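Mind folding the following:
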Amino acid sequence: MLLDRDGPASLGRHVAALCDGAVIDSRVLMAHHQGADERAWPPAEDRFASDLLLPSRVRDPWLAELTAAAAEASVPIVLGGHGVVGPGLRYVLRAPGGRR
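Numbering: from 1, shown residues only. Below is the predicted model of the structure:
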């Protein structure tokens with residue numbers, strides 16, 4: 001709702017005000033912005049370019065603005081789908097030699 005009010009360019013400012021960094025499921029943001037039907041979302045190549053924080057390769061204006069905000073934020077922001085935010089994150093946080 002903050003992005004609805006302040007626009008996608010405000011992402012970095014809001015995240016920095018709340019925490020030291022974030023891993024964000026951008027598909028949830030797309031569903032809120034464009035509806036739950038994935039056919040209304042930006043195409044896969046835009047979503048994946050956004051995940052890599054490459055706003056110049058994202059054609060959808062809203063997603064490009066969101067991606068640029070994440071890439072330029074004063075705190076680290078990782079964008080991705082549920083695979084990154086869910087099980088992928090657990091693999092990254094795994095301590096050498098076992099689980100934390």
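
How about the spatially most central residue of the chain: which residues does it bridge to?
Computing the C-alpha centroid of the chain and ranking residues by Cα atoms, centre = their mean puts residue 79 first, at 2.9 Å. Here residue 79 sits in beta bridges with residue 24, as judged by DSSP bridges.

For stretch 66-79, give the mean pLDDT please.
On average, the pLDDT along stretch 66-79 is 97.

remind me, longest helix of the chain?
If you go by DSSP state H, the chain has its longest helix at helix 61-72.

Can you give the contact residues for it?
With contacts defined as Cβ atoms under 8 Å, 6 or more residues apart in numbering, helix 61-72 is touched by 3, 7-13, 24, 26, 29-30, 33-34, 42, 46-47, 49-50, 53-56, 58, 77, 79. Where C-beta positions appear, they are placed from N, C-alpha and C, glycine not excepted.

Next one: the residue nearest to the centre of the chain from residue 25, what distance?
Residue 79 is 8 Å from residue 25, where distance means Cβ to Cβ, to the nearest Å.
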